[in-house]
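Trainee: Whatever this is, show me its structure:
(2 chains)
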Protein chains: 2
Amino acid sequence: MISIAIMGLGTVGTGVVKLVEENAASIQRKLGEPLQVKSILMRRIKESPYQSKMTLKFADILEDPEIRVVVETIGGVEAAYDYTRQLLAAGKHVVTANKQLVAEKGRELLQIAKEAGVNYLFEASVGGGIPVLHALTQTLVANRIDEVYGILNGTSNFILTNMTRNGAMFEDVLRDAQAKGYAEADPTADVQGIDAGRKTCILANLAFGVEVTPEKVPMEGIAELSLKDVGIAEAAGYGVKLVGRTLRMPGGGRTAYVAPHLVSRELPLSNVEDVFNAVVVRGNATEEVMFYGRGAGERPTASACVSDVVEALQNPKYRPEIGWQQDDGAFVDPAQLSSRFYFRIAGSAADAAAAFGQVEVLSESEETAFLTESVSGEQADQLSQPLKVLARMRVLA
Amino acid sequence: MISIAIMGLGTVGTGVVKLVEENAASIQRKLGEPLQVKSILMRRIKESPYQSKMTLKFADILEDPEIRVVVETIGGVEAAYDYTRQLLAAGKHVVTANKQLVAEKGRELLQIAKEAGVNYLFEASVGGGIPVLHALTQTLVANRIDEVYGILNGTSNFILTNMTRNGAMFEDVLRDAQAKGYAEADPTADVQGIDAGRKTCILANLAFGVEVTPEKVPMEGIAELSLKDVGIAEAAGYGVKLVGRTLRMPGGGRTAYVAPHLVSRELPLSNVEDVFNAVVVRGNATEEVMFYGRGAGERPTASACVSDVVEALQNPKYRPEIGWQQDDGAFVDPAQLSSRFYFRIAGSAADAAAAFGQVEVLSESEETAFLTESVSGEQADQLSQPLKVLARMRVLA
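Mentor: Prediction:
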């Protein structure tokens, strides 16, 4: 009998307990032994079918030699950080869905895991049930990874989809999403791009092996997005999507950012709707591979945690490919990255052309919406200075 | 220095040699030692940058104790089967892209691998560079897999996409695909659904752990498909796709088949165009997860082979989850599977309704195209007997 523990019994933690029970037979076939959840760390004991497993004392888990893997679903940094350090140092594998902790403290925690010879695994932290991190570190190993981008926040995508489909305003769709449980009471991290930004950092760290810390990554969300721009983009053959993106820069170094984009309907990413997530990995051998599925929710996220538990038990050695070096100073401001840009201005097509030269006009009345040729973010800033800019987004095509 | 060998130096074999050279640094970081291609088995020595590695004698590879992994890219069954058996029995890992061999002899070869304590890995046999088999056996382990379906043949999908997009006839697009190198001179295995059928067998074997042999799997290709049906489907909001599909039957047992389907534009699979492949895995925890990318070609397929080589070296033990039992008699004829059906008949909507009751008419002139309610394949046969059937497809929605 193999014993594991869970810290925190929210949505994901509950899903883990249930999945371990439900899929006991197939997990046992894989591990050669049955797997049980022995202890659950709580802040207070609640009435629950799992009450007999609950404890209030972290030491009950830390000091139990039978417990080999601990699933951390506390969230946030403080307690989760402190507990994870102690558990790894004590030689226990830790599995988590906590993207904030991995993005902010992952390098340090992986270093502790390395020294203790155990695993710190976090497949569930990006893309919920979509096994993309594993692919990035394991099955795409024969590639040089050049770029990773995707729709990483289900709440934002649900809101954007409904703005597009129903011509509804941001605030109204957000209220609807909160009522349906797709958005938190405090939606800041989701709609301001912070959640997608943390996931982008994790993808960048794994893809390039060098730390990208969240404070370097410009994060723009969808809260300022106007229905007008969504409609103009749609009519021109683009979906508006909140995209987290990290890539090698043509001149060397790497960049990362989160922002709403006009995504060409030619790209499969543009067809990712509602709460679904998708991550595209561009390798020098495979070219673009896309992973698509449910990026959140009890069962998908728990599925990723349980698969990491099985992985940690099957291959208990620390794996050097899951880890990243300290920032080497080669992070480049994404303002230096070139692409086409979308602008909506209070002005005419002539004003747009006067500022940018060749432009593709998408609509013109009192306001003009247009696409520029490929320019860097800095150039887009400079060239648009004489214009009254009402909206601006990058184009992904 | 770790040495491997390659058997056959066609498209995929050449790709493997190149990728091992190109990505030497990252492979070495992962393995802790450099990796080299030491020997290449040829039927005749050719002028090539790799000429010094070439040999005509299989024994040079079989009896070389330095060679730990052999990549088989010969294709077909005869020689590939014979060599693979000998190599596995001699304790060498074998990696392959040979879907015919895995579909027809996989169970036996995995049994030999198990006895010898080595790996027989075949990620490249389905979906080229898309890491779907690995996900199925490893990272989705916390799921009960209920269904796997996908677009598994790039040639067929290229032809269908061009029929739809350009209103071109099957024969014309096939000629164009052959000119572009997307279709073989003898396209039988591709356009008759045989290639997709072999891949469907491999997916079924891994998803359910029980052998599905190709001769049990009805395989229908796109060679008989009329442009008329593609157009009617398109207008009604469906893409016509060649789908390989395996699933648990509601009444127990499992089924598998390959056939053209009307795929609802609501499903992400319907947006998979040109030579791209996509595989959807439906698990009881993750729900549907889709893997999308290039299903063929030198570099994507070679990427999957090299990742399997690294995998075999990192985790050299035989893995019980990559293997399947002998057929247990629970294979169910897909004619018992229910779905909506598309029919085009020489007759009126009244004829359609007389045969099927409630129908959704898509077009009516001298011929009538319609969708039935959900019926089994057997019922669809029986109920359509009074009709002059010109075309018939299942609907996936």
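
Trainee: Contacts only, for A:Thr200.
Mentor: Neighbouring residues of A:Thr200 by CB atoms under 8 Å, 6 or more residues apart in numbering or on different chains: A:152, A:212, A:217, A:244-246, A:256-258. (C-beta placed from N, C-alpha, C; glycine too.)

Trainee: Pull the most distant pair out of these.
Mentor: Pairwise distances across those peak at 14.3 Å for A:Leu152 and A:Val212 (criterion: CB to CB).

Trainee: Least confident secondary structure element in chain A?
Mentor: Counting by mean pLDDT, DSSP states H and E, chain A has its least confident helix or strand at helix A:24-31, which shows a mean of 87.

Trainee: tell me which strands and helices that helix is in contact with?
Mentor: In terms of contacts (3 or more CB pairs under 8 Å, 6 or more residues apart in numbering or on different chains; DSSP states H and E), helix A:24-31 is packed against strand A:35-41, helix A:298-314.

Trainee: Pull up the pairing partners for the helix or strand following the last one, direction included.
Mentor: Next helix or strand after helix A:298-314 toward the C-terminus (DSSP states H and E): strand A:338-339. Strand A:338-339 sits in its sheet next to strand A:375-376 (antiparallel), going by DSSP bridges.

Trainee: And for the partner strand, what's in contact with it?
Mentor: Residues external to strand A:375-376 that are found in contact with it (CB under 8 Å, 6+ apart): A:335-341, A:356, A:383.

Trainee: from these, which would you call buried?
Mentor: The neighbour-count test (16 or more other CB atoms under 10 Å in any protein chain shown) applied to the contacts of strand A:375-376 identifies A:337-341, A:356, A:383 as buried.

Trainee: Can you tell me the SS state at A:His261?
Mentor: Following DSSP: H, G, I helix; E, B strand; the rest coil, we place A:His261 in the strand state.

Trainee: hmm, back to that, what about the contacts of A:Thr200, which are in helices?
Mentor: Under the assignment DSSP state H, the contacts of A:Thr200 contribute nothing to helices.

Trainee: Turn those into TSV, columns for distance to chain B.
Mentor: What follows is those, written out as TSV (distance: CB to the nearest CB, whole Å):
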residue	distance to chain B
A:Leu152	15
A:Val212	19
A:Val217	24
A:Gly244	18
A:Arg245	18
A:Thr246	17
A:Ala256	20
A:Tyr257	24
A:Val258	22
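
Trainee: Out of these, the closest to B:Val310 would be?
Mentor: The shortest separation between B:Val310 and any of those is 23.4 Å, and it belongs to A:Thr246 (by CB to CB).

Trainee: neighbours of that closest one, just the number please.
Mentor: The local packing of A:Thr246 (other CB atoms under 10 Å in any protein chain shown) involves 26 other residues.

Trainee: hang on, it packs against A:Val258?
Mentor: No: A:Thr246 is not in contact with A:Val258 according to CB atoms under 8 Å; the separation is 9.8 Å.

Trainee: What is the end-to-end distance of stretch A:136-154?
Mentor: 21 Å (CA to CA, to the nearest Å).

Trainee: Check the offset of that stretch from the chain's centre.
Mentor: Taking the mean C-alpha point of stretch A:136-154 and that of its whole chain, the gap between them comes to 12 Å (CA atoms, centre = their mean, to the nearest Å).

Trainee: Those residues of the stretch 201-350 of chain A touching chain B, which are they?
Mentor: Remark: the part of the stretch 201-350 of chain A in contact with chain B comprises A:268, A:271-272, A:283-294, A:299-300, A:302-307, A:310-311, A:315, A:320-321, using CB under 8 Å from any CB of the partner chain.

Trainee: and those residues, which are buried?
Mentor: For these, a burial check counting by 16+ other CB under 10 Å picks out A:268, A:271-272, A:283, A:285-294, A:299-300, A:302-307, A:310-311.

Trainee: What are the boundaries of the helices in the stretch 101-250 of chain A?
Mentor: A:132-134, A:154-166, A:170-180, A:188-191, A:194-208, A:227-235 (DSSP state H, counting those that start in this stretch).

Trainee: Buried deepest among these, which one?
Mentor: The highest mean neighbour count among the helices of the stretch 101-250 of chain A, using mean count of other CB atoms under 10 Å in any protein chain shown, belongs to helix A:132-134: a mean of 29.

Trainee: Would that helix count as contacting chain B?
Mentor: Yes: legend: contact between helix A:132-134 and chain B by CB under 8 Å from any CB is shown at A:His134.

Trainee: quick one: contacts of that helix?
Mentor: For helix A:132-134, the external contacting residues (CB under 8 Å, 6+ apart) are A:122-123, A:125-127, A:202-203, A:206, A:279, A:281, A:291, A:307, A:311, B:134-135, B:138-139.
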